[in-house]
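S.K.: Need coordinates for the following:
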Amino acid sequence: MNTYCFALDLNDDPQLIEEYKRWHQLENIWPEVLECIRAKGVLSQKIYLASNRLVLILETTDDFDLDAKAAADRASPQMRKWEELMWKFQKPLPHARPGEKWVRMEKIFEVT
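M.R.: Numbers count the residues shown, from 1 in each chain. Presented below is the predicted three-dimensional model:
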């Protein structure tokens with residue numbers, strides 16, 4: 001199993017943050033989005049929130065291909081609509097590259 005971690009900020013607006021949280025309640029996420037998340041080797045996906053900072057943890061199979069997953073998401077009309085909707089709430093990290101949304105984090109410590 002592989003674990004990937006990403007960060008992204010939300011617009012610092014309490015009402016928007018609450019709305020974003022509502023969109024991420026399981027019953028509010030579009031079924032097609034859940035299908036895309038579960039496809040291509042994703043075992044679990046979790047999003048944590050601290051103030052307006054989001055951390056996404058992705059656990060995958062050993063043969064998971066992050067680039068192939070990103071390409072499949074871009075090819076899905078529903079995922080594109082979902083991402084467009086979510087962009088209302090999100091903003092890139094200050095050091096993100098142009099067009100980059102979720103920034104992959106570097107693991108610097110682990111205890112097993």
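S.K.: which element is the residue sitting nearest the centre point of the chain on?
M.R.: The chain has residue 56 as the residue nearest its centroid, 5.4 Å off, counting by C-alpha atoms, centre = their mean. According to DSSP states H and E, residue 56 maps onto strand 53-60.
S.K.: what's the average pLDDT for that strand?
M.R.: Averaged over strand 53-60, pLDDT sits at 96.
S.K.: Which secondary structure elements does it sit against?
M.R.: Strand 53-60 sits against strand 2-10, strand 42-50, with contacts defined as 3 or more C-beta pairs under 8 Å, 6 or more residues apart in numbering; DSSP states H and E. Where C-beta positions appear, they are placed from N, C-alpha and C, glycine not excepted.
S.K.: Summarise which helices and strands the next helix or strand after that strand is packed against.
M.R.: Using DSSP H and E, the helix or strand that follows strand 53-60 towards the C-terminus is helix 66-75. Where contact means 3+ C-beta pairs under 8 Å, 6+ apart, helix 66-75 is packed against helix 77-86.
S.K.: What angle do strand 2-10 and the helix it packs on make with each other?
M.R.: Between helix 77-86 and strand 2-10, the angle comes out at 40 degrees (axes from the mean of the first three to the mean of the last three C-alpha atoms, to 10 degrees).
S.K.: Give me the contacts around helix 77-86.
M.R.: Residues outside helix 77-86 that contact it (C-beta atoms under 8 Å, 6 or more residues apart in numbering): 20, 23, 30, 32-33, 36, 73-74, 101.
S.K.: cool, and stretch 16-36?
M.R.: 10-11, 47, 49, 52, 72-73, 76, 78-79, 82, 85-86, 88-90.
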